[in-house]
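>>> Got a predicted structure plus its sequence, pasted below:
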2 protein chains.
Amino acid sequence: MNGKKLRIGFLGCGQRGQMLVLDSLRFPEVEVAALCDPYTDSNSNLANEVEKRQGNRPMTTADPQEVFDCKPDAVIIATPWETHVSLAIRALRAGIPAGMEVGGDSSEEECREMVRAWEETHTPFMLLENCCYGKKETRRFNMVEQGFFGEVIHCDGSYAHDLRYEVSFGKELRHYRLNHYLNENCENYPTHELGPIARILRIHRGNRMLRLTSMASKAAGLHAYVQEHKADDPELLSAKFAQGDVVTTNILCEGGQTITLRLDTTLPRTYSRGLTVHGTKAYFQEEGYFIFEDEGGRGFDEARPLWGNAEKYEDRYLPDFWKEEVKGGHGGMDYQMLRDFYARLARGEAFPIDVYDAAAWMSISYLSGQSIAGGSIPVEIPDFTNGRWMKQE
Amino acid sequence: MNGKKLRIGFLGCGQRGQMLVLDSLRFPEVEVAALCDPYTDSNSNLANEVEKRQGNRPMTTADPQEVFDCKPDAVIIATPWETHVSLAIRALRAGIPAGMEVGGDSSEEECREMVRAWEETHTPFMLLENCCYGKKETRRFNMVEQGFFGEVIHCDGSYAHDLRYEVSFGKELRHYRLNHYLNENCENYPTHELGPIARILRIHRGNRMLRLTSMASKAAGLHAYVQEHKADDPELLSAKFAQGDVVTTNILCEGGQTITLRLDTTLPRTYSRGLTVHGTKAYFQEEGYFIFEDEGGRGFDEARPLWGNAEKYEDRYLPDFWKEEVKGGHGGMDYQMLRDFYARLARGEAFPIDVYDAAAWMSISYLSGQSIAGGSIPVEIPDFTNGRWMKQE
């Protein structure tokens, strides 16, 4: 660092971009150098706020190329899903380290091109999967690493989040999800749950995902919601949403473990990432937040007396970085993620969620779409590492 | 009835048969007339107990034919899984009404032969799926019928039951499951969760199951258990179990609804049938036992404040037959099931879980095995009703 600040350019200043910009200002070593968004009001409002907090005003533009041209120390990409990867590729090829927000990807070609861009340039790249830094998730990962669960055989995860308002009011909110839900039917947002599970099952660290099948229910939730809440929008009232309400994806790993992912975003429900860890010695379940330790086969016991008991394990398994003061969005996991990103960027260290992880995790979206379109046929998951998953550290 | 008792023959006097015999003695209109089991000690011990309670001693035999020959008013079949259907077929063809215990089935031919035996004889037949009488399940079904959930789009269910002791000590316990777990890899016990879900989704009452895919994890739980608990059994220590620890099955229905079933019986965990009901107006989840009613998209809310709140809905939606005094096994649902079975038998009324339900629900076992063996390929679910699912009441 040599005392110099990290000059960061932000591509995408919508809801998510704003959160990342404001959380980044918590780090004194960071300078928000550039803001890029096609909506000039988003840009200038955010630039005002940044100027107030950090003293100098960031450059603003609607053109990502202008951000690349001013050679920031890194860019953070928080645009709509469909441009994450193409902007990351441009950044890598321009030699600018990139932190890329999550989402699914639409094609194998794009995932492979992202991998090629990294392999040909070795420009630092990180997928900004904040849930890999979550308090619940990192604690579980620590327990797995310490052998608490024995051998882990299966994990569940979900993106269960009632998004009917966000999708239906997509035009008003300038939200890209509406377009996806109208046109596409797949596991459209896999990484929040899959990222932590991939860590637990050591994907690309001696294991890999082999194959998946996906099944989608009918799409009824948004239609019902729109009748009630958007009665003044004839276009939406007659719209036929393509995205099934509940999508269930089963993934088989090389080591014989299985993963079940659930997308559940257009029916009324509570938020959950639905993590379970099924091991030979213990069981964890996020719903009810409990841990069951092996007692040699307890038969009919119900979980109710255990509800919430996972908290008893907190101190013993909480990673050290969670014991310091935590600030910022999403319960602090954004802060933890950005702290790690900026610290490694400053030290020139490799990022922990690399381009292979990003390609494999994001590929689940288009692969699940292929499976659903084919009547839930099994679809092979490409090995973006070309065999290096066997020994990658 | 004309004041005469219902003379019932019991095929299979193992653990489950004994429960059903003893629960049946709670009904004064029932006479336990015959007990049939290849283990003569099981037979005579149970006959002693029956004689003590009902005054006269039932006939005992190892040969089912002798039971059929004494023309009971009905037989109840609680033998190992693999003989349920063949014995039911013999009973139907002998004109003896049959109540058949649950399990999966091994072949389409056997399911079809059971359907033919009923269609050619119209001998009363009922699948004894006790969970269709469960307090939680019948209450949920009532809520669905009253429109509480709006349109139901998806349901989950599981047979999550740590059976490592029962399977590993199968020889000592005379338990047939050991043989299945050594040789077979499938959703081997689907009906406890699928039965109530089939009711909710009106399967064979205007809807049907179209297709499934299954994925099985590796088999590691029993091997780990045996190392610790059966170190003196060289045969088991070196045994290779075929049955995957966690099997996830996705089912698509004609109406566009989906069902996810989970078999989870060889890793440490708490018992659960894991029911969820995803509707356009509300959500229910057995894990955490909570209900979420639509509030127009509450975004990030977690379920914790709702845990256990499903109890608040009990009075309003509990079926009347659950409001009377309840006795007997499995929290009273065996009692409710037998009460309905004997009452309908006495009145000559049709049974509510018929041969088509039995065939469709039990077929999931061999179909899931086919899917797993083929690498999770989609497999069509036969229409055992030949189209009558559209209007069957």
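Good, I have the coordinates.

>>> any residue of stretch A:218-236 up close to chain B?
Yes - counting by Cβ under 8 Å from any Cβ of the partner chain, contacts between stretch A:218-236 and chain B involve A:218, A:220-221, A:224-225, A:229. The way it works is simple: take the backbone N, C-alpha and C, and place the C-beta from them, glycine included.

>>> Give me the neighbour count for residue A:122.
The local packing of residue A:122 (other Cβ atoms under 10 Å in any protein chain shown) involves 11 other residues.

>>> Show me what the one helix or strand residue A:315 maps to is packed against.
Residue A:315 is part of helix A:314-317, with elements assigned from DSSP states H and E. Judged by 3 or more Cβ pairs under 8 Å, 6 or more residues apart in numbering or on different chains; DSSP states H and E, helix A:314-317 is in contact with helix A:135-145.

>>> buried set for the helix it packs on?
In terms of neighbour count (16 or more other Cβ atoms under 10 Å in any protein chain shown), helix A:135-145 has its buried residues at A:135-144.

>>> Which element is encountered next along the chain beyond that helix?
Later in the chain than helix A:135-145, the nearest helix or strand by DSSP H and E is strand A:152-160.

>>> before we move on, back to that, of the residues of stretch A:218-236 next to chain B, which is the nearest to chain B?
residue A:218 (2.9 Å; Cβ to the nearest Cβ).

>>> dump the residue contacts of that closest one.
For residue A:218, the contact set (Cβ atoms under 8 Å, 6 or more residues apart in numbering or on different chains) comprises A:244-245, B:153, B:255-257.

>>> Report pLDDT for the spatially closest residue to residue A:331 that is not a sequence neighbour.
Once flanking residues are discounted, residue A:331 sits nearest to residue A:135: 6.7 Å by Cβ to Cβ, 6 or more residues apart in numbering or on different chains. Confidence at residue A:135, expressed as pLDDT, is 88.

>>> Residue A:45: how many residues sit nearby?
Residues lying near residue A:45 (other Cβ under 10 Å) number 14.

>>> So what does it look like in phi/psi?
In terms of degrees, to the nearest 10, the main-chain angles of residue A:45 are phi -60, psi -40.

>>> what about residue A:23, which helix or strand?
If you go by DSSP H and E, residue A:23 is part of helix A:15-24.

>>> cool, and residue A:339?
Per DSSP H and E: helix A:333-347 holds residue A:339.

>>> what element comes up after that helix heading to the C-terminus?
The element immediately downstream of helix A:333-347 (helix or strand, assigned by DSSP H and E) is helix A:355-373.

>>> for that following helix, which positions count as buried?
A:355-369, A:371-372.

>>> what residues does the helix or strand bottoming out on mean pLDDT in chain A touch?
Ranked by mean pLDDT, DSSP states H and E, the weakest helix or strand in chain A is helix A:314-317, scoring a mean of 85. Helix A:314-317 is contacted from outside by A:139-140, A:142-143, A:146, A:148, using Cβ under 8 Å, 6+ apart.

>>> where exactly do the helices run in the stretch 151-300 of chain A?
A:164-168, A:170-173, A:177-183, A:191-200, A:221-229, A:234-237 (DSSP state H, counting those that start in this stretch).

>>> quick one: low-confidence parts of chain A?
By pLDDT under 70, the low-scoring segments of chain A are A:1-3, A:297-299, A:392-393.

>>> which non-adjacent residue is nearest residue A:176?
Spatial nearest neighbour of residue A:176, excluding adjacent residues (Cβ to Cβ, 6+ apart): residue A:80 at 3.6 Å.

>>> That neighbour and residue A:103: what is the separation?
8 Å (Cβ to Cβ, to the nearest Å).

>>> which of the two has more neighbours?
More crowded of residue A:80 and residue A:103, by other Cβ under 10 Å: residue A:103, with 24 against 17.

>>> just checking, the more buried one touches residue A:81?
Yes - with contact defined as Cβ atoms under 8 Å, residue A:103 reaches residue A:81; the gap is 3.6 Å.

>>> give the contact list for the nearest residue in space to residue A:342 that is not next to it in sequence.
Excluding the flanking residues, the one nearest residue A:342 by Cβ to Cβ, 6+ apart is residue A:27, at 5.5 Å. Residue A:27 makes contact with A:338-339, A:342 under the criterion Cβ under 8 Å, 6+ apart.

>>> Need the three-state assignment for residue A:27.
When classified by DSSP: H, G, I helix; E, B strand; the rest coil, residue A:27 comes out as coil.

>>> Ok, residue A:9 next?
Of the three states, residue A:9 takes strand under three-state DSSP.

>>> surely residue A:86 meets residue A:110?
Yes - with contact defined as Cβ under 8 Å, residue A:86 counts as touching residue A:110 (7.1 Å).

>>> More neighbours: those two, which one.
A count of neighbours by other Cβ under 10 Å puts residue A:110 above the other of residue A:86 and residue A:110, at 20 against 15.

>>> if I look at that one, how far off is chain B?
26 Å (Cβ to the nearest Cβ, to the nearest Å).

>>> what's the helix or strand for that residue?
Going by DSSP H and E, residue A:110 is in helix A:108-121.

>>> Output the contacts of residue A:27 as TSV; include the columns distance to residue B:91 and neighbour count.
Below are the contacts of residue A:27 laid out as TSV (distance: Cβ to Cβ, whole Å; neighbours: other Cβ atoms under 10 Å in any protein chain shown):
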residue	distance to residue B:91	neighbour count
A:338	69	24
A:339	70	20
A:342	74	20
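
>>> OK, contacts around the nearest residue to residue A:385 once chain neighbours are set aside?
In this structure, residue A:385 finds its nearest non-sequential neighbour in residue A:356, 4.9 Å apart by Cβ to Cβ, 6+ apart. Counting by Cβ under 8 Å, 6+ apart, residue A:356 touches A:115, A:204, A:384-385, A:388-389, A:392.

>>> Please parse chain A into its domains.
Domain ranges of chain A: A:6-129, A:132-324+A:353-390, per automatic domain parsing.

>>> So which of the ones you listed is nearest residue B:32?
domain A:132-324+A:353-390 (25.9 Å; Cβ to Cβ).
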